[in-house]
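> give me a model of this one.
(2 chains)
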There are 2 protein chains.
Amino acid sequence: MIQCPRGTRDFLPDEMEKRRFYENRLRHVALTFGFREVETPIFEDAELFILRSGPNVLKELYAFKDKGDRDIALRPEMTAPAVRMFVNGMSNDPKPIKIFYFGQCFRYERPQSGRYREFFQFGAEIIGSANPEYKNGARPETDAEAIAMAASMIKAFGLKEYRIRIGHIGVLRQRIADAGVPADRAAEVLQKLDKKLYEEARPLMEEMGVSAAEIDGIFDLTETVGGPEVLDKVPGEVGDYLRKVVSFLEAMGVETPEIDLGVVRGLDYYTGMVFEAEAPALGAEKQICGGGSYTLSELFGGEKVFSTGFAVGFDRILLAAEKEGQEYVPRGIDAYVLSVTDDMRLKAAEIAAMLRREGISADVDIAGRKMAKALKYASAVRARYAVIVGAKEMEAGAATLRDMGSGEQKTVEVGDLPREIRQAQ
Amino acid sequence: MIQCPRGTRDFLPDEMEKRRFYENRLRHVALTFGFREVETPIFEDAELFILRSGPNVLKELYAFKDKGDRDIALRPEMTAPAVRMFVNGMSNDPKPIKIFYFGQCFRYERPQSGRYREFFQFGAEIIGSANPEYKNGARPETDAEAIAMAASMIKAFGLKEYRIRIGHIGVLRQRIADAGVPADRAAEVLQKLDKKLYEEARPLMEEMGVSAAEIDGIFDLTETVGGPEVLDKVPGEVGDYLRKVVSFLEAMGVETPEIDLGVVRGLDYYTGMVFEAEAPALGAEKQICGGGSYTLSELFGGEKVFSTGFAVGFDRILLAAEKEGQEYVPRGIDAYVLSVTDDMRLKAAEIAAMLRREGISADVDIAGRKMAKALKYASAVRARYAVIVGAKEMEAGAATLRDMGSGEQKTVEVGDLPREIRQAQ
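All right, here's what the predicted structure looks like:
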C-alpha cells in the first residue's frame, strides 16, 4: 500500500474543514489590517534561500536538480520569495506595500512531533516605510503594526495562554561588538545566544578574547525580561525606540507584551526590532510566531528597502489550540435528499439541484439505498435535515422534512424548503 | 536579479484577489453539492503516478531523487493522491465519499501560452457508489452528479460560451476489440483517437490487421456528435445508460449537454462515462475540464471501488473568462486612517484598531506622510474612505470621514465610524 511520503500528511475532511476555518480567520485578520494576499511558486532557485540564510541552509533544504540541471529547492519559508516577488514586480508600487501569504513550506529533516517535512506557514510583510527619523529606516508604527497583527492572529485561534516577547537586535549586537567579538564572527555568537546555549557561547567568546566579566554581562543582557519598565535598562536610541513601539501597541489595545532582550533570531538580515510569540501548551517546541524588521531586497538585486515581517507556524498554533482543549465542530451539510421509491429519484435530483441553487448544501442519494439505510448515511455525513421525497406528498407538490437531530418530521411545500431549512440555522 | 523558476508565476495582489474570489466560488459550489474538502502533499512517491498513468508519464513528471534516495515527484494531478488517501485513511467511511481539492500541480514540459510548469487544478471525486444494476458498478445518478457540478462550476466563472461533451469509453473499446485490435494494444489506438490523430491511427490499426472499412467505421464513431437523439445510434446497455444520465441532468436543470462518442480520454483506468468541457475562447488549447467514471484504488493496494471524478483547469478557465472580456474589480480597503499632525498619530492607530475589531478593513499611515501625500496613498490602495484624525475634531471625540470617490467630507463621532463606513457598502 502506497503511503504519503515521510514527514507529509493527508488532511481528511474533518481536519481540513477545521484548517480552512482557521486559515480564513487569519486571512480575515490580515484583510482588516489592510494587507493584501500574494502567492509565489512552491519551488525557487536554491540560490534565493542561500542568499537569505547562508550556505548552511542547504543541509535543511528539500533541494534537488531538475531535468534542466537547475538547482531547485522547495521553499523552506516565504519571506525570501515574497521579497523576490517585490523586487521583480512591485518595486515601483506606492509604499509601504503590505502583503500576506499562506501555504506549504518544506524542510528536509527528521520528522518529529509537531514538525513535518511539509508544513504550513502564514506570513506577512510590510515592505518599504522608509524613514529619516530613526536608525536603519525603522518606524515604531510599522513594527507595532506587525506585532499588533500577530497578536490579533493568535487571538483568532482562541489561544488562552501565550506570550509575545519583543527585543531589539541592535542592543546585543552593539554589546558583543563592544566586548571585542569581531564583526565577521558575530553571527556565530548570536546563534548560540539565540538558542540560550551559554555553555557553548562562553568558550567561543573566550577564544575571541572576551573577558569573563563581559561574557557574564552579555548573558545577563539576554536574560533581561519583563514589562516596559525593563526598557529603563536599555540605553539611548533603542530604548526610546522600543518605548514608542510599546505606546503604539497600547493605543491599539494590544495587551502589553513583554520586553525580552534575549530575543535574538538567528539570521543576519534583521536590522532592529525582533519579536517572538510562544504557546506554553506546546512544551519545549513552543514558538508559534516570529519576526522583526529587516532588509533583504538588496540581496536579490533590488534597492535596499526597510521592511518588517513575521510568520506564524500554522501547524504549531493549531496544535497549541488543540492541546488547550479547544474543539472544532464540523459543519456537516444542510440537507440530504432521498426518495421513498425508485420512481421519485428524478424528482429527488430536481429538489437537490433547486436547494443548491439557493446556496443550501444538499446531498442526494446516488447509491440507490432504501430509506432506513439512506437516513443512516444522512446521519453519517452530519446532515441537519433529510428531505424525503414520496409519491403521495409529491402529488401536492410537497415533501417530508425531517429534522435529523430531533427526529421530528413535517410536510413542506417544495418551494418553501429553502426557507424552512435556512430558518433553523 | 533572481526570477521565479521557468514556467512558474508570482501572483500579485490584484491577480491573487481575483483568483481567490473564483477559487471560493468553486469551493462554494462543491460545498452546496455536499462535497467535502481534502488536501494531500505537494509531492508523492513517483510510483503512484506511474501506477495511474503508465511509465510514459515519467518524462513529463517534475521528478527527482530526494536526499534519502527516494524517487519523488511533484504531483502532476490530484486524482491519484486523492484515491491513495482514500485507500490509506477513508476506506471504511460510509460510501459514497464525496471529496474535492484545489491546489498546485506540476509538469515538466516546455512552458507555452496558458500552460505552466506550476498550474492550479480543482478536482472532485465521488468514490464508491457500488451498484448491482449496471455494468462496471456505474450509476447514472453518480455520473450525472459529477457532470452537474462541473456545469455549475463553469457557470460560477461566468463563462458565456462553453460545451460539455459526454461520451462512454465502452462504446469505442468494444468496437475496436470487435474490429480485431488486441486487448494489450487498445491503449495505443485509443490515445491516437483521443487526439483525433487519424493519420497515425490508420497505419497502426492496419498493422494490427483491421480492415479499411472497419477503420472508417471506427473513425465515424469518434465523430458521432450531437444532442441526446444521437444515442439512438448507440446500441444496448450503453445507450440506455447514457439516456438515464441525460434524464438526471435534465431533472437537475443542466442545459442539455452534447453526446460525443469521440470523447476518449487517454487513460486506461476509465470504466464507462467520460466527459470533457471546452471553452471556444481559448482557441486550440480549449479544454477546461475533463473526467469520467473509473477505478483506481485497487492499483494502490485497496479494494476495487467504482468512482467518478473530474478536474477543472483553473488557469485555463480563468484565461477563458478573461478572453471573453470578463473583468474583476479588486475590492480595495474600507478605510485609510491618517493624522493631521504628529501628536494625533497614537489616536489614529487607536481608531484603526477599533475599526479592525469591527471587521472593517482599515489601513493606517505608518510612513509619517503629510495629509496630501497620505490621501494620494489612500487612493492608490483603493480606500473607499479616509478617516482624518485632527486635534480639533478629536476634542469632541470626532474625526473627519472623507468619501474617497466623491471627495465629500463630514465630521463623525468616532463611535459612529463603523456604522457610517458599513452603511455605504
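
> now for the helix or strand containing A:Ser379, which elements pack on it?
According to DSSP states H and E, A:Ser379 maps onto helix A:371-380. The contact analysis (3 or more Cβ pairs under 8 Å, 6 or more residues apart in numbering or on different chains; DSSP states H and E) places helix A:371-380 against strand A:333-339, strand A:383-389. Yep, even glycine has a C-beta here, placed from its N, CA and C like the rest.

> show the average pLDDT along that helix.
Mean pLDDT, helix A:371-380: 94.

> can you check stretch A:207-227 too?
Rounded to a whole number, the mean pLDDT of stretch A:207-227 is 92.

> contact partners of that stretch?
Stretch A:207-227 is contacted from outside by A:165, A:171-172, A:175-176, A:179-182, A:185, A:189, A:193, A:196, A:198, A:201-202, A:205-206, A:230, A:233, A:256, A:258-262, A:264, using Cβ atoms under 8 Å, 6 or more residues apart in numbering or on different chains.

> what residues are up against A:Asp66?
Contact partners of A:Asp66, counting by Cβ under 8 Å, 6+ apart, are A:Ile72, B:Tyr62, B:Phe64, B:Tyr108.

> now do the same contact list for the second one.
Residues counted as contacts of B:Tyr62 (Cβ under 8 Å, 6+ apart) are A:Asp66, B:Ala73, B:Leu74, B:Pro76, B:Phe106, B:Arg107, B:Tyr108, B:Arg117.

> counting neighbours, what do you get for A:Glu229?
When counting by other Cβ atoms under 10 Å in any protein chain shown, one arrives at 8 neighbours for A:Glu229.

> secondary structure element for A:Lys98?
Element membership of A:Lys98 [criterion: DSSP H and E] is strand A:97-106.

> on that earlier part again, drop anything exposed from the contacts of stretch A:207-227.
A:165, A:171-172, A:175-176, A:179, A:181, A:189, A:193, A:201-202, A:205, A:230, A:258-262, A:264 (16 or more other Cβ atoms under 10 Å in any protein chain shown).

> spatially nearest residue to the residue of the stretch 51-200 of chain A found nearest chain B, not counting backbone neighbours?
For the stretch 51-200 of chain A and chain B, the shortest gap (Cβ to the nearest Cβ) falls at A:Phe64, measuring 3.6 Å. Using Cβ to Cβ, 6 or more residues apart in numbering or on different chains and skipping residues adjacent in sequence, the residue nearest A:Phe64 is B:Phe64, 3.6 Å away.

> what about the one you found, how many residues close to it?
B:Phe64 is flanked by 21 other residues according to other Cβ under 10 Å.

> before we move on, back to that, hey, what's the residue of the stretch 51-200 of chain A closest to chain B bridged with?
A:Phe64 has these beta-bridge partners by DSSP bridges: A:Ile72.

> my guess is it contacts A:Ile72. True?
Yes: counting by Cβ atoms under 8 Å, A:Phe64 does reach A:Ile72; the two are 5.9 Å apart.

> picking up where we left off before, would TSV of the contacts of A:Asp66 with pLDDT and distance to A:Val29 be doable?
Shown next, in TSV, are the contacts of A:Asp66 (pLDDT from 0 to 100; distance: Cβ to Cβ, whole Å):
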residue	pLDDT	distance to A:Val29
A:Ile72	93	33
B:Tyr62	92	34
B:Phe64	88	37
B:Tyr108	90	38
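
> good, wrapping up.
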